[in-house]
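Chemist: with the sequence up front, the predicted model follows.
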Amino acid sequence: MRPQIVLFGDSITEQSFRYGGWGASLTDTYSRKADIVVRGYGGYTTRWALFLLHHIFPLGSTTPPVATTVFFGANDAALLGRTSERQHVPLEEYKENLRKIVRHLKECSPTMLIVLITPPPIDEEGRQIFATSQYGEKAMKLPERTNEVSGIYAKECVEVAKELGVSSVNLWSKMQETEGWQKKFLSDGLHLTPDGNKVVYEEVVKVFNGAWLSAPDMPSDFPHHSEIDPQNPAKVFQERCL
């Protein structure tokens with residue numbers, strides 16, 4: 001069986017197999033090396049993600065994932081008193097929920113590579129334009145998320161990763177290194193454009209390569225077609241697969 005890499009997160013993970021998506025790019029990179037399994041749930045927070053852990057990552061599995069990305073926080077950081085307040089998770093609870101997720105994954109497999117990904121930055125103007133397009137005059141005048149608050153959640157996500165000895169990708173900081181990031185990387189002030197997806201892909205692969213999941217170094221399943229003798233095709237399969 002090919003090893004599995006699970007992408008666990010909210011809508012940014014759920015959408016990762018769209019055109020130009022970071023999950024689709026990972027699938028291409030790890031073709032015949034590992035199966036990329038998407039477990040993304042639009043609108044979910046770390047609070048709701050806890051209810052999924054035992055279903056997606058059952059304890060006692062004989063084939064746990066070799067790696068898991070944990071990409072929550074964009075919804076947790078929604079502000080109270082605004083349009084998306086039902087998704088708000090207080091900062092301290094967000095941190096503790098991340099700890100619970102990581103501890104569960106470690107219990108599933110002590111060798112699993114775990115990567116926490118921070119929420120992306122927020123383009124508040126873009127978010128407001130999106131709200132107006134959806135709700136017209138009923139749209140709230142204040143954005144339901146701010147870049148400042150998302151940055152606070154991102155910082156704590158990185159701190160939890162350090163505390164628990166797992167890897168992290170600070171997407172909030174990385175994207176803002178590029179001038180004009182608001183429109184280049186974000187389609188509606190929150191979700192990712194193909195360029196934004198590329199940033200996630202590159203940062204995740206960088207972590208994987210720095211660990212022990214470099215795709216070029218991993219074996220392919222079954223022989224390459226050039227190794228198959230058309231006169232005796234069974235030979236290479238008997239040598240390599242039995």
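Modeler: Sure, I can see it.

Chemist: nearest residue to the middle of this protein?
Modeler: The structure's the chain has its C-alpha centroid closest to F71; by C-alpha atoms, centre = their mean the separation is 4.2 Å.

Chemist: need the pLDDT of that one.
Modeler: As predicted, F71 sits at a pLDDT of 98.

Chemist: ok, it - contacts?
Modeler: Taking C-beta atoms under 8 Å, 6 or more residues apart in numbering as the definition of contact, the neighbours of F71 are 7-10, 12-13, 40, 116-117. C-betas here are computed from N, CA, C, even on glycine.

Chemist: which positions in stretch 145-153 come out as buried?
Modeler: 145-147, 149-151, 153 (16 or more other C-beta atoms under 10 Å).

Chemist: got it, and stretch 207-227?
Modeler: Buried-residue list, stretch 207-227, by 16+ other C-beta under 10 Å: 207-208, 213, 215, 218.

Chemist: and it, end to end?
Modeler: Using C-alpha to C-alpha, to the nearest Å, the end-to-end distance of stretch 207-227 comes out at 32 Å.

Chemist: same question for stretch 28-38.
Modeler: One end of stretch 28-38 sits 14 Å from the other (C-alpha to C-alpha).

Chemist: pLDDT below threshold where in this protein?
Modeler: Low-confidence segments of the chain, defined by pLDDT under 70, are located at 130-141, 241-242.

Chemist: which parts of this structure are helices?
Modeler: 11-14, 22-29, 46-49, 53-56, 91-108, 124-135, 147-164, 171-175, 181-185, 194-210, 234-241 (DSSP state H).

Chemist: just the CA atoms of the fifth one, as CSV, please.
Modeler: Provided in CSV are the C-alpha atoms of helix 91-108 (Å, rounded to 0.1, in the frame of the first residue of the first chain):
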residue,chain,number,x,y,z
LEU,A,91,-7.8,32.3,21.4
GLU,A,92,-7.0,30.1,24.5
GLU,A,93,-9.5,27.5,23.4
TYR,A,94,-8.1,27.5,19.9
LYS,A,95,-4.7,26.8,21.3
GLU,A,96,-5.9,24.0,23.5
ASN,A,97,-7.9,22.5,20.6
LEU,A,98,-4.8,22.4,18.5
ARG,A,99,-3.0,20.7,21.4
LYS,A,100,-5.7,18.1,21.5
ILE,A,101,-5.5,17.5,17.8
VAL,A,102,-1.7,17.1,17.8
ARG,A,103,-1.8,14.8,20.9
HIS,A,104,-4.4,12.6,19.2
LEU,A,105,-2.3,12.3,16.0
LYS,A,106,0.8,11.5,18.1
GLU,A,107,-1.2,8.8,19.8
CYS,A,108,-2.2,7.4,16.4
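
Chemist: so what does that helix touch, helix or strand wise?
Modeler: helix 46-49, helix 53-56, strand 67-71, strand 113-117, helix 147-164 (3 or more C-beta pairs under 8 Å, 6 or more residues apart in numbering; DSSP states H and E).

Chemist: what residues sit buried inside that helix?
Modeler: Judged by neighbour count (16+ other C-beta under 10 Å), helix 91-108 contains these buried residues: 94-98, 101-102, 105, 108.

Chemist: which other residues reach that helix?
Modeler: 8, 45-47, 49-50, 53-54, 57-59, 61, 64-65, 68, 70, 72-73, 76-77, 89, 112, 114, 116, 152-153, 156-157, 159-160, 163-164, 166.
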